[in-house]
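# Based on what follows, work out the 3D shape:
(2 chains)
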2 protein chains.
Amino acid sequence: MKAEIITVGTEILMGSIVNTNASFLARECAAMGLTSFYQITVGDNEKRLTKLIQEARKRSDILIFSGGLGPTEDDLTKETVAKACGRKLVEDPESRKWIEKLFTGWGRTPTENNWKQALVPEGALVLKNDNGTAPGIILEHEGTHFILLPGPPHELIPLFRDKVKPYLEKLSGTVFHSAMVKVIGIGESQVEDELKDLIDAQTNPTIATYAKPGEVGIRVTASADTEKKAKALVKPVVKEMKRRFGTNVYTTREEVSLEQAVLKLLKKKGMTLSLAESCTGGLLAGRLVNVPGASKVFVSSAVTYSEKAKRQLVGVSGKTLRKYGAVSEECALEMAKGAAKRLHTDCAISVTGFAGPDGGTDKDPVGTVYIGVVIGDKSLCKKRFFNGTREYVRNMAVTAALVHFRELMLSL
Amino acid sequence: MKAEIITVGTEILMGSIVNTNASFLARECAAMGLTSFYQITVGDNEKRLTKLIQEARKRSDILIFSGGLGPTEDDLTKETVAKACGRKLVEDPESRKWIEKLFTGWGRTPTENNWKQALVPEGALVLKNDNGTAPGIILEHEGTHFILLPGPPHELIPLFRDKVKPYLEKLSGTVFHSAMVKVIGIGESQVEDELKDLIDAQTNPTIATYAKPGEVGIRVTASADTEKKAKALVKPVVKEMKRRFGTNVYTTREEVSLEQAVLKLLKKKGMTLSLAESCTGGLLAGRLVNVPGASKVFVSSAVTYSEKAKRQLVGVSGKTLRKYGAVSEECALEMAKGAAKRLHTDCAISVTGFAGPDGGTDKDPVGTVYIGVVIGDKSLCKKRFFNGTREYVRNMAVTAALVHFRELMLSL
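Prediction:
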């Protein structure tokens, strides 16, 4: 089946926001084996949206819309789709109740506009939106499946995963099962080289690689008539990848992030972690805290951006700072040891470096980062270099810190 | 004039990468007053690309393509556009020389494929690409301007800014000047209400609003035959907006972020800042540190995610934690005061809340965040509520913390 992703919104057309919904939906569709030839963005304009619907219906079986379900007059995706399908809009009592409940919780009174969000095309399947006022809508009309989702990603993503995906699976009579083998410490081209025989021979499951900074994901997707059979097709391929990449594989599940894997490892060993961050300035802590329940093993972090803070919070000696500088192996190790000691944790990670655009020395130019790791009485320091913007260097340093911490953890 | 952005590449269609080129090009086009009705992504497929070119030519004057200029067989944007315009591909000697020079520098020998990148449609304007092997190409054909740019953003962005923008300005005989009035503490609909008269009356400059979480941007764009005249048209409108929104406007420049504005304010007053972050766990520090030179005023942050860390690092009393809990006005204030005292700074911000998915109480459900602010001997605490995922709540809390800190700062 062919799917087409249509994102509606003048704010995308004007470039005020990046269209992450399109990439999320495209990834999900690809993982389900749906073919996709076009992604289209159109403004909040009835005439152009209508024309687009007419064309897209002819070439695709499933049209997934994001955006244009808000309460304002500009929002007209639902109205336009309903009209194109010759359906009336009717009030959905459940949606009305939900809007009422949300507004009561906020202590606000809905205006006439807000009730507009409880209207749905006659005969549509209504998908309750736990994270917002606009429900998702699925409408089948003359063989085309119209799937309407709200624009905010924190509403769209759970709606798609929990409600749209099962619908599409049922529709195709095929069940898809995917594993995501996530590899660290090896670049994308090397990963592809090492998998060349598997990639060349792929039919079912299919294999696709996705590179993101510091990490390569390999999606293995099988289709079958039952979940069990699909899983059985995926399993040996994943096993082979784990054999080839060893401990460079940190998970085989899409939803598990590197920080989650690291926290799980700590939990398993009953150990606690603290951080001392300089150039990453809280980013590493931020990524760890984004894992629900992180507080069980992640105790605290000292963001020691200034030299003063390095001395005060984690006890780096003035001598070390004078002799070696704040960006040095010696400082990184003292930061990590100081964090473990002062924050009373079993383990600690430190990061100090030149993120740019200013700073750096001949020996350690902008992009140089030192990562200190302490686990019990073991410690090490890694020097890394990343070429890119300040933001890029900092993000890569965070990933590298997790990678090196995990390496030492697994070697003990 | 109408512009249409066409991104070519299977990797976008499959969702392996996020289409940041489309948002960059859209923003640039909007700022130049170009109208844009569609953004389209299509795979590396000659038939579908040809069909798209035929349709897009009918409705738009300028077609901007990104991607498909690489050396492999898959890359066929240039070939397809040339064919659609009935032009032969000819070798551009300058491009050949440039490829030769790059490969010599890398110590590699170009293959036959690489020379393909020196071919350009007959009669095209060739834009030298300082950051890669594929030149940009501008081809005018029967009134349509085809602009072909390489896909990697670090090649596309400078090529557009340095070479395409001047071409388009010359084409329209018009120079554009934009200001971006960024407003915090007021929602998008209220901003639009208060600007209704200006928006309704807009001709030159034009006014467009852009909402992102916690912030509304208002772009004011004027066109004229000189930069000076365009600037003079923008100025009074921006002035009027500043009058209406007062201190809710934190900048009128596109490139200035809220964290930059806050750090600038601190620098101006010669004050230093520390943080005590609980549920945001380093995110606030991370945003501040992303501003180059932040270390001049931002001293350090204690990420006190656990209760133990709240006591140890910023001295929250056990009594407060027992009596009011870690998510409370009392705790937020003690965290901020403790950070300022222990980290020896003039100011401090604290954040504590329930980011979810677990936690929360009847009084303070998931999404509740307390923000403590200390400036010298003044302090305050704000209670906020955000409805969404853990990530959303944390990001909104960071923005709110900056907003409330700035409010108190400006009121003194």
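
# domain parsing for chain A?
Here the domain parsing of chain A from automatic domain parsing is A:3-172, A:175-251, A:258-411.

# could you check whether the top helix by length along chain A is close to chain B?
The residue-count maximum for a helix in chain A (DSSP state H) belongs to helix A:390-411. Yes: applying Cβ under 8 Å from any Cβ of the partner chain, one finds helix A:390-411 touching chain B at A:390-391, A:394. C-beta here means a position set from N, CA and C on the backbone, and glycine is covered the same way.

# picking that back up, out of the domains of chain A, which is the most enclosed?
domain A:258-411 (a mean of 21; mean count of other Cβ atoms under 10 Å in any protein chain shown).

# By mean pLDDT, flag the weakest helix or strand of chain A.
strand A:206-212 (a mean of 79; mean pLDDT, DSSP states H and E).

# how far does it sit from the chain's center?
15 Å (Cα atoms, centre = their mean, to the nearest Å).

# Paired strands for that strand, with orientation please.
Its sheet considered, strand A:206-212 pairs with strand A:215-224 (antiparallel) by DSSP bridges.

# Quick check: what element follows the partner strand along the chain?
Where DSSP states H and E defines the elements, the next helix or strand beyond strand A:215-224 is helix A:227-245.

# what residues does the least confident helix or strand of chain A touch?
A:27, A:30, A:33, A:188, A:191-192, A:195, A:198-199, A:216-222, A:237, B:14, B:16 (Cβ atoms under 8 Å, 6 or more residues apart in numbering or on different chains).

# With stretch A:87-102 instead?
Contacts for stretch A:87-102 (Cβ under 8 Å, 6+ apart): A:78-79, A:82, A:110, A:114-115, A:117-124, A:126, A:128-129, A:133, A:135, A:139, A:141, B:387.

# For stretch A:82-94, list the C-alpha coordinates in PDB.
Coordinates of each C-alpha in stretch A:82-94 appear next as PDB, following Å, rounded to 0.1, in the frame of the first residue of the first chain:
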ATOM      1  CA  ALA A  82     -14.900  16.200   5.300                       C
ATOM      2  CA  LYS A  83     -16.000  18.400   2.400                       C
ATOM      3  CA  ALA A  84     -13.800  16.500  -0.100                       C
ATOM      4  CA  CYS A  85     -15.500  13.300   1.100                       C
ATOM      5  CA  GLY A  86     -19.000  14.700   1.200                       C
ATOM      6  CA  ARG A  87     -19.300  14.200   4.900                       C
ATOM      7  CA  LYS A  88     -21.000  16.500   7.500                       C
ATOM      8  CA  LEU A  89     -19.300  17.400  10.700                       C
ATOM      9  CA  VAL A  90     -21.000  16.100  13.800                       C
ATOM     10  CA  GLU A  91     -20.200  16.600  17.400                       C
ATOM     11  CA  ASP A  92     -18.500  13.700  19.200                       C
ATOM     12  CA  PRO A  93     -19.800  13.600  22.700                       C
ATOM     13  CA  GLU A  94     -16.700  11.900  24.100                       C
END
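
# element containing the residue of the stretch 51-200 of chain A at minimum distance from chain B, please.
Taking Cβ to the nearest Cβ as the measure, the stretch 51-200 of chain A has residue A:154 as its residue closest to chain B, at 4.5 Å. According to DSSP H and E, residue A:154 maps onto helix A:153-159.

# Can you give the contact residues for that helix?
Looking at what lies outside helix A:153-159 - Cβ under 8 Å, 6+ apart - the contacts are A:20-21, A:24, A:66, A:127, A:129-132, A:134, A:136, A:149-150, B:388-389, B:391-392.

# can you tell me which of these are in helices?
Using DSSP H, the contacts of helix A:153-159 in helices are A:20-21, A:24, B:391-392.

# Of the residues you listed, which is the nearest to residue B:178?
Set against residue B:178, the nearest of these by Cβ to Cβ is residue A:20 (24.3 Å).

# That closest one contacts residue B:18, correct?
Yes: in this structure residue A:20 lies within contact range of residue B:18 using Cβ atoms under 8 Å: 5.6 Å.

# related to what we said a few turns ago, which element follows the helix holding residue A:154 toward the C-terminus?
helix A:165-172.

# That following helix - what's its average pLDDT?
Regarding helix A:165-172, the rounded mean pLDDT is 90.

# Alright, I will stop here.
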